[in-house]
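# Got a predicted structure plus its sequence, pasted below:
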Amino acid sequence: MSGHSKWATIKRKKAVTDSRRGKLFTQLIKEITIAAKAGGGDPGGNPRLRLAIDKGKAANMPAENIKRAVQKGTGELPGVNYEEITYEVYGPGGTAIIVEVVTDNKNRTIAELRFMLERKAGKLAASGSVAYLFHKKGTIHIPHAGLTEDDVLAVVLDAGAEDLVAEGDAFEVTTSVETFESVKKALEAKNIPIEDAELSMVPETTVRVEGHDAERVLTLMEALEDHDDTQHVYANFDIDEKVLASFGG
């Protein structure tokens with residue numbers, strides 16, 4: 001599991017406070033709205049919407065909130081006109097960061113991000129200068145829960161998974177975008193519990209970061225993730241797991 005995957009797992013486990021929960025709900029509502037706008041309101045024929053709704057349900061989002069978000073996306077209810085934008089960032093220690101935002105005011109968002117980066121040792125990069133270091137993949141995390149690596153491998157490889165890594169208290173399954181749904185369905189058919197499943201930007205290689213640079217990278221990551229318009233933040237750092245676990249208390 002890459003350093004950033006460990007970071008993402010730790011952040012998910014900390015996302016139980018009311019403030020984090022509110023942020024998560026906002027992200028999910030935006031994603032459901034955009035997915036419905038782009039591909040229609042039927043999750044059966046809109047994989048992106050189906051995934052967003054699944055994540056909403058997993059986060060215990062009220063069904064009425066999900067329904068309203070879909071209706072705003074399809075135009076059945078009035079809603080905000082959101083725009084998806086991806087920013088590329090140079091982080092401390094030679095790290096590369098991708099920030100995906102959803103905003104109703106891109107001028108405000110870019111101004112706030114520039115100001116944040118200036119204060120947090122980051123720098124906005126030109127389009128394409130960071131993105132080539134990442135590839136879109138499906139990532140599925142499965143709690144060990146008495147399962148062996150062979151148990152999971154037998155299911156996911158037959159369904160088209162690319163890789164499986166066991167580390168800590170979870171298995172991380174990597175898939176192509178095309179096989180993501182089939183792998184997820186195969187796990188569900190075997191009643192194998194899924195902690196989370198999403199399409200992510202996975203780094204091809206990682207950069208080892210230690211000491212003061214590690215602290216600065218994590219401070220920047222947390223600030224980016226906490227921004228109101230941020231949907232996802234991806235990075236290629238590799239930081240010691242103990243440092244990751246202790247950051248932010």
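Cool, the structure landed. Numbers count the residues shown, from 1 in each chain.
# Every contact and neighbour count from this point should use C-alpha atoms.
Noted.
# helices or strands next to the biggest helix by length in the chain in the packing?
Using DSSP state H to define each element, the chain has its longest helix at helix 18-39. Applying 3 or more C-alpha pairs under 8 Å, 6 or more residues apart in numbering; DSSP states H and E, one finds that helix 18-39 makes contact with helix 47-58, helix 63-74.
# Contacts only, for M201.
Shown in contact with M201 (C-alpha atoms under 8 Å, 6 or more residues apart in numbering): F134, H135, K136, K137, Y234.
# which of the residues you listed count as buried?
Among the contacts of M201, those buried by neighbour count (16 or more other C-alpha atoms under 10 Å) are F134, K137, Y234.
# Adding distance to T205, secondary structure and pLDDT, write these out as JSON lines.
Rendered in JSON lines, the data for the buried ones among the contacts of M201 read as follows (distance: C-alpha to C-alpha, whole Å; DSSP: H, G, I helix; E, B strand; the rest coil; pLDDT from 0 to 100):
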{"residue": "F134", "distance to T205": "8", "secondary structure": "strand", "pLDDT": "95"}
{"residue": "K137", "distance to T205": "14", "secondary structure": "strand", "pLDDT": "93"}
{"residue": "Y234", "distance to T205": "13", "secondary structure": "strand", "pLDDT": "93"}
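# How is the protein partitioned into domains?
Segmentation of the chain into domains, based on automatic domain parsing, reads 3-74, 83-132+205-240, 134-203.
# Can you read off the pLDDT for the nearest residue to N46 once chain neighbours are set aside?
Spatial nearest neighbour of N46, excluding adjacent residues (C-alpha to C-alpha, 6 or more residues apart in numbering): G39 at 5.6 Å. pLDDT recorded at G39 is 92.
# count of residues packed around G39?
Using other C-alpha atoms under 10 Å, G39 has 16 neighbouring residues.
# can you pull the contacts of it?
By C-alpha under 8 Å, 6+ apart, the residues touching G39 are G45, N46, R48, L49.
# Roughly how far does it sit from A8?
According to C-alpha to C-alpha, to the nearest Å, G39 and A8 sit 28 Å apart.
# Could you do Y234 as well?
From Y234 across to A8, the span is 9 Å (C-alpha to C-alpha).
# Also K67?
K67 is 28 Å from A8, where distance means C-alpha to C-alpha.
# Check E162 too.
E162 sits at a distance of 20 Å from A8 (criterion: C-alpha to C-alpha).
# Kindly report the same for V233.
Distance from V233 to A8, counting by C-alpha to C-alpha: 9 Å.
# These two: which is more packed in?
V233 (21 against 15).
# tell me the contacts of the more buried one?
Residues near V233 by C-alpha under 8 Å, 6+ apart: I97, I98, V99, E100, M221, L224, E225.
# By neighbours, which of those wins?
Within those, most neighbours by other C-alpha under 10 Å means I97, with 30 neighbours.
# for it, what are its contacts?
Residues counted as contacts of I97 (C-alpha under 8 Å, 6+ apart) are E88, V89, Y90, G91, V130, V233, Y234, A235, N236.
# Now it. Nearest residue, chain neighbours left out?
Leaving aside its sequence neighbours, I97 sits nearest to A235 (C-alpha to C-alpha, 6+ apart; 4.3 Å).
# correct me, but that neighbour touches A96?
Yes - at 5.6 Å, A235 and A96 qualify as touching, with contact defined as C-alpha atoms under 8 Å.
# So for those two, which sits in the more crowded spot?
Ranked by neighbour count (other C-alpha under 10 Å), A235 and A96 place A235 first, with 28 against 24.
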